[in-house]
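Enquirer: the sequence isn't on hand, but the structure is:
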Ligand SMILES: O=C[C@H](O)COP(=O)(O)O
């Protein structure tokens, strides 16, 4: 049975002291349960401090983006070497906000996914369709092409260790959640694509999260679905109370 991975993505929110307080509390209260993995993806300036705060607990710290080069003249960027050196374990790659506002493409997502594995970071690769694409019945083709490109050139072992987050763009921060059936339908398609790229055995190991207005009120229904193995959470990850409820749901 696959575990549930509950990852908070704070986006551009919180101050350092708020961030520290949050992780201290979650580290103290999050259950040490093999069925759930807890990750907090925080802004770059907080990462070093949060890794310290999370030490000795089951909470892992992730970044929200990175460059694919190890170092060089890329003003303002952060490299996988730097993240790994800090003790960061996960990195969100290709979030729709990065694709929309910061020119992230499927090519750079693929380069970053390779770079993550080169530096012992687990990539959380985000895919998902716009409302226009859903209404034009293009969801499956669009998501399939994003998944295929993201995984290009990875070994089967690396694919098995990749986390995919299916996030329909129309459900992000809008309060509109995909129904659990809609979400699972796409997650099942993603797993079938991975089967085609690798093997049944590998695809069965891949964690596929759903993201988009996940909250305590809808998380149980989503996690109960056959191909949904956790959640990538924005808004509801900003308060410890709601985040801990999501984590608790992941233990079942
Ligand atoms: O990365 C998280 C997603 O963008 C979902 O955000 P949300 O839970 O605020 O809808």
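Expert: Okay, I see it. Since the model is a prediction, treat every value here as computed from it, not as a measurement.
Enquirer: which parts of the stretch 1-150 of the chain are strands?
Expert: 4-9, 36-41, 59-63, 90-93, 122-127 (DSSP state E, counting those that start in this stretch).
Enquirer: I'd like the ones you listed as CSV, with distance to residue 148 and mean neighbour count appended.
Expert: (Each C-beta comes from the backbone N, C-alpha and C, glycine too.) Formatted as CSV, the strands of the stretch 1-150 of the chain follow (distance: least, C-beta to C-beta, whole Å; neighbours: other C-beta atoms under 10 Å):
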stretch, distance to residue 148, mean neighbour count
strand 4-9, 22, 26
strand 36-41, 24, 25
strand 59-63, 24, 23
strand 90-93, 15, 26
strand 122-127, 10, 26
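Enquirer: go through those and name the closest to the ligand.
Expert: Counting by C-beta to the nearest ligand atom, the ligand lies closest to strand 4-9 out of those; the figure is 3.5 Å.
Enquirer: contacts for that closest one, please.
Expert: 35-41, 62, 64, 90, 92, 95, 124, 163, 165, 207, 209, 211, 223, 229-234, 237-238, 243, 246-247, 249-251 (C-beta atoms under 8 Å, 6 or more residues apart in numbering).
Enquirer: and stretch 38-54, what's its mean pLDDT?
Expert: For stretch 38-54, the mean per-residue pLDDT is 98.
Enquirer: one more: stretch 10-20?
Expert: pLDDT averaged over stretch 10-20 gives 98.
Enquirer: again, but for stretch 126-135
Expert: 95.
Enquirer: what residues does the stretch 151-252 of the chain put near the ligand?
Expert: 167, 172-173, 211-214, 232-236 (C-beta under 6 Å from any ligand atom).
Enquirer: let's see that with 5 Å instead.
Expert: Contact residues (C-beta under 5 Å from any ligand atom) of the stretch 151-252 of the chain with the ligand: 172-173, 211, 213, 232-235.
Enquirer: for the stretch 51-200 of the chain, just list every one of the helices.
Expert: Assigned by DSSP state H, counting those that start in this stretch, the stretch 51-200 of the chain shows helices spanning 80-86, 96-101, 106-118, 131-135, 139-151, 156-161, 180-197, 200-205.
Enquirer: let's have those helices in CSV, adding mean neighbour count and distance to residue 57.
Expert: Putting the helices of the stretch 51-200 of the chain into CSV (neighbours: other C-beta atoms under 10 Å; distance: least, C-beta to C-beta, whole Å) gives the following:
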stretch, mean neighbour count, distance to residue 57
helix 80-86, 19, 17
helix 96-101, 16, 28
helix 106-118, 20, 23
helix 131-135, 14, 39
helix 139-151, 19, 30
helix 156-161, 17, 22
helix 180-197, 19, 29
helix 200-205, 15, 25
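Enquirer: could you tell me the least trusted of the ones you listed?
Expert: It's helix 131-135: among the helices of the stretch 51-200 of the chain, that one has the lowest mean pLDDT, namely a mean of 93.
Enquirer: indicate the residue of the stretch 151-252 of the chain located nearest to the ligand.
Expert: For the stretch 151-252 of the chain, C-beta to the nearest ligand atom, closest residue to the ligand: residue 234, 2.4 Å.
Enquirer: contacting residues around that residue?
Expert: The contact partners of residue 234, taken as C-beta under 8 Å, 6+ apart, are 9-11, 172-173, 211.
Enquirer: buried subset of those as a ChimeraX selection?
Expert: Selection of buried members from the contacts of residue 234 for ChimeraX, criterion 16 or more other C-beta atoms under 10 Å:
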select :9,10,11,172,211
